[in-house]
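Participant: Coordinates for the following, if possible.
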Amino acid sequence: MCGRYSMFSSAEKIHTRFNIDDIPQDTVSGDSTSIKPRYNITPMQNVLAITAEKPRRLQSMQWGLLPSWAKDKSMSAKMFNARAETILEKPSFRTAFAQRRCLVLANGFYEWEKKTGQPYYVSLSSGECFAMAGLWETWQDPTTKESMRSCTVITTEPNSMIAPYHHRMAVILQQKDEDIWLDHTILQDRLLTLLRPYPAEELQIAPVSKLVGNIHHDSPDLIHPIDLTQARSSSEHSVLDDLQLF
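Facilitator: Residues are numbered from 1 along each chain as shown. Modelled structure (predicted):
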């Protein structure tokens, strides 16, 4: 699964990399044209995405898909990922896959090793920003009549690099496939071929601080690799120190 990720590229880099026509004010920090760097993005927060709509612009959406037919917002908390293998079977994703696909922008994402709970940070070897395959929806509050947009990130089986740590990974699109993913004229069979593991040789993975597990912690130190030997030693000393108090 993909439940945490980072997005810290500058507005200038995003504009150039994704050929953005406009960066709306609601996606930037304060009154400036800079985008606030984020290192611990969690479900139910707003994220940056690009749709097929023209002009091509960044959009702010809630991470956690909320289908138009949903009675309330509660179901979106469990809809931040969509499995590529069953995307045509689930009513919550099927229509969005056919009509509303998007690019969810990221610099990297976190995966937790199941046995140890150790988090790892996955990013491109180049260090550049990339697009995860996503779906989006518009939902209208039945009481207030206000509309909101939401999205989900599609996951697939892991490549050989990530498999030792986790059984799923986010679908990272090749740059040449990003416009294909957004194109309404492309047949579904062709789109499904894009939902594959990203080449392991083009990624890097490193253990990082368990502070990423705290949703209130959001700083650059979260993506810095750590020495697992030292981290385990410090943890053991901490346990011994605690025992000495009794």
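Participant: So, low pLDDT: which residues of this structure?
Facilitator: For the chain, the stretches with pLDDT under 70 are 1, 24-34, 230-246.
Participant: where do the strands sit along it?
Facilitator: 5-7, 38-41, 46-50, 59-63, 81-83, 101-106, 108-112, 119-124, 130-140, 147-156, 169-170, 203-207 (DSSP state E).
Participant: buried sites along the longest one?
Facilitator: Neighbour-count burial for strand 130-140, with 16 or more other C-beta atoms under 10 Å as criterion, is recorded at 130, 131, 132, 133, 134, 135, 136, 137, 139. C-betas here are computed from N, CA, C, even on glycine.
Participant: among the residues you listed, which two are most distant?
Facilitator: 130 and 139 (27.2 Å; C-beta to C-beta).
Participant: rewinding a little: for the buried residues of strand 130-140, which one is nearest residue 115?
Facilitator: Looking across the buried residues of strand 130-140 and measuring by C-beta to C-beta, the closest to residue 115 is residue 132, at 25.7 Å.
Participant: In CSV: the buried residues of strand 130-140, plus distance to residue 193.
Facilitator: Output for the buried residues of strand 130-140, formatted as CSV (distance: C-beta to C-beta, whole Å):
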residue, distance to residue 193
130, 18
131, 16
132, 17
133, 12
134, 17
135, 17
136, 21
137, 24
139, 30
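Participant: Which one of the residues you listed is nearest to residue 55?
Facilitator: Among these, and counting by C-beta to C-beta, the member closest to residue 55 is residue 136, at 16.9 Å.
Participant: so who does the closest one touch?
Facilitator: 49, 51, 61, 65, 96, 100, 101, 102, 149, 150, 151, 152 (C-beta atoms under 8 Å, 6 or more residues apart in numbering).
Participant: Considering those residues, which possesses the most neighbours?
Facilitator: residue 151 (31 neighbours; other C-beta atoms under 10 Å).
Participant: Verify the stated contact: that residue with residue 133.
Facilitator: No. Residue 151 is beyond contact range of residue 133, at 10.5 Å (criterion: C-beta atoms under 8 Å).
Participant: Quick check: neighbours shared by those two?
Facilitator: Common neighbours of residue 151 and residue 133 (C-beta under 8 Å, 6+ apart) are residue 104.
Participant: nearest to residue 187, of the strands of the chain?
Facilitator: Here strand 101-106 is closest among the strands of the chain (C-beta to C-beta), at 13.1 Å.
Participant: Direction included, what does that closest one pair up with?
Facilitator: Sheet pairing of strand 101-106 (DSSP bridges) gives strand 46-50 (antiparallel), strand 130-140 (antiparallel).
Participant: what angle separates it from strand 147-156?
Facilitator: Per axes from the mean of the first three to the mean of the last three C-alpha atoms, to 10 degrees, the angle that strand 101-106 makes with strand 147-156 is 80 degrees.
Participant: ok, and what's touching strand 101-106?
Facilitator: Contacts for strand 101-106 (C-beta under 8 Å, 6+ apart): 5-7, 9, 14, 18, 47-52, 58-59, 61, 63, 129-136, 151, 153, 170, 173, 178, 181-182, 191.
Participant: Let me see the contact set for residue 98.
Facilitator: residue 188.
Participant: measure it to residue 193 for me?
Facilitator: In this structure, residue 98 and residue 193 are 16 Å apart, going by C-beta to C-beta, to the nearest Å.
Participant: again with residue 214
Facilitator: Taken as C-beta to C-beta, the span from residue 214 to residue 193 is 38 Å.
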